[in-house]
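1. what shape does this take:
(one chain, ligands or ions: 1)
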Amino acid sequence: MVIDLRSDTVTRPGKEMLEYMIQAPVGDMVLGDDPMVNELEAKASGMFGMEAALFCPSGTMTNQIAVKIHTDPGDDVICSKLSHIYQNEGGGIAFHSAASVTLIETESGVFTGDDVLASIQPDDPHKPRTRLVSAENSVNMGGGAVWNLEELRKIAAICREKKLAFHLDGARLFNAIVKNHENIHDYGELFDTISICLSKGLGAPVGSILLGNRDLIARGVRLRKLMGGGMRQAGFMAAAGLFALENNIERLEEDHKHARKIAEALKGCKWIDHIAPVQTNIIIFKLIPALNASEIVKILKDDDILALDIGNNRIRMVTHLDITSDMVDKVIKSIKSTRFS
Ligand SMILES: Cc1ncc(COP(=O)(O)O)c(C=O)c1O
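-> Numbers count the residues shown, from 1 in each chain. The predicted structure is shown next:
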């Protein structure tokens with residue numbers, strides 16, 4: 001059996017989720033008729049205490065709609081250099097919003113209120129106008145690092161004072177919330193828009209949700225259509241999302257436990273130079289210079305273990321719903337074998 005640690009996006013819906021999807025009453029989402037989409041949007045906005053929600057096919061779409069809602073062409077977005085909206089959405093900030101970025105460089109992708117203050121462009125016609133701050137929690141390319149809620153409160157206060165919008169790419173927000181035992185409503189209070197993914201740790205096959213106030217989400221409805229995200233009987237997918245929100249949040253702790261166990265085993269390996277602190281379900285490690293990440297990924301593959309070469313001689317492993325304790329033991333056995341040294 002293949003142990004797929006490339007991402008938490010690889011999960012397949014289990015029997016119960018599939019049964020829930022198949023029985024879903026559906027309608028035309030674009031016409032506002034799909035009962036499951038409506039129920040999912042109402043549930044998500046209720047969970048966060050936000051006014052409205054928008055079901056979209058992907059987290060890339062929810063993020064890019066948010067950037068477009070909050071900016072005009074020529075404006076500037078403050079975000080981490082590691083952030084998905086900048087690194088991994090096909091240049092969408094430039095393409096969809098014709099906006100520029102001011103990047104904050106930190107090792108984990110988590111930044112501070114002072115970093116934001118230092119990144120705001122001066123009021124000068126030579127400069128782009130800063131309009132949006134975007135945070136990512138947890139930070140995918142920061143090894144699943146999570147934010148401190150107090151620091152987010154500071155940044156939110158700065159955004160209010162400077163009249164900047166504040167967006168959260170919460171593709172893995174529930175991992176952060178479960179890790180820190182936080183209250184979901186606290187996030188709803190801090191951000192103008194939040195994107196959450198149903199198809200990562202929560203295990204649904206498709207879908208993300210953009211949360212915000214009624215006006216912002218009404219603009220989002222138009223942009224979703226413009227970007228080609230106006231799905232019709234999307235209720236089958238929304239049903240999977242509802243199932244995921246109801247059943248798969250608390251269990252994320254299990255994935256975190258598995259990730260910590262793998263990281264502990266990696267710590268003892270001489271062929272590893274550095275492991276980013278493991279806080280949630282993502283393990284990123286750097287190999288010693290003599291080794292090559294793509295070769296190590298190939299060796300793991302021979303043991304039916306899939307991991308991702310993410311560049312700079314680094315490898316990423318992600319634990320998720322389809323990874324069992326037995327699989328974790330098998331991974332540990334493989335990485336402890338002497339073939340790597
Ligand atoms: C942090 C983060 N944001 C957004 C996305 C985009 O989600 P999607 O793959 O649904 O477009 C991802 C995908 O991996 C992600 O890791």
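2. point out where this protein drops to low pLDDT.
-> 338, 340-341 (pLDDT under 70).
3. break it into its domains for me.
-> 15-247, 251-340 (automatic domain parsing).
4. identify, out of these, the most deeply packed stretch.
-> Sort these by mean neighbour count, taking mean count of other C-beta atoms under 10 Å, and domain 15-247 sits at the top with a mean of 20. Placement of C-beta: from N, CA and C, glycine included.
5. tell me if it is near the ligand.
-> Yes: Domain 15-247 is in contact with the ligand by C-beta under 6 Å from any ligand atom, via 58-60, 63, 84, 136, 140, 169, 171, 197, 199, 208.
6. secondary structure added to the residues you listed, as a markdown table?
-> As requested, the residues of domain 15-247 next to the ligand are arranged in a markdown table below (DSSP: H, G, I helix; E, B strand; the rest coil):
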| residue | secondary structure |
| --- | --- |
| Ser58 | coil |
| Gly59 | helix |
| Thr60 | helix |
| Asn63 | helix |
| His84 | helix |
| Glu136 | strand |
| Asn140 | helix |
| Asp169 | strand |
| Ala171 | coil |
| Cys197 | strand |
| Ser199 | coil |
| Ser208 | strand |
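7. select, from these, the two members most distant in space.
-> Glu136 and Ser199 (16.3 Å; C-beta to C-beta).
8. residue in the chain nearest to the ligand?
-> Using C-beta to the nearest ligand atom, Gly59 is the residue of the chain that sits closest to the ligand, at 2.7 Å.
9. pretty sure that residue contacts Asp169?
-> Yes: Gly59 sits in contact with Asp169 when judged by C-beta atoms under 8 Å, with a separation of 7.3 Å.
10. now do the shared contacts for these two.
-> Residues touching both Gly59 and Asp169 by C-beta atoms under 8 Å, 6 or more residues apart in numbering: 84, 195.
11. please enumerate the strands of this protein.
-> 3-4, 52-56, 75-80, 100-104, 129-136, 165-170, 193-197, 208-212, 272-275, 282-287, 305-306, 308-311, 314-318 (DSSP state E).
12. list the helices and strands the last one packs on?
-> Helices and strands in packing contact with strand 314-318 are listed as helix 252-267, strand 282-287, helix 293-302, strand 308-311; criterion 3 or more C-beta pairs under 8 Å, 6 or more residues apart in numbering; DSSP states H and E.
13. just put these in a markdown table and tack on distance to the ligand.
-> Below are the helices and strands packed on strand 314-318 laid out as a markdown table (distance: least, C-beta to the nearest ligand atom, whole Å):
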| stretch | distance to the ligand |
| --- | --- |
| helix 252-267 | 15 |
| strand 282-287 | 9 |
| helix 293-302 | 18 |
| strand 308-311 | 11 |
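14. looking at these, which is closest to His96?
-> The nearest among these, by C-beta to C-beta, is strand 308-311 at 25.1 Å.
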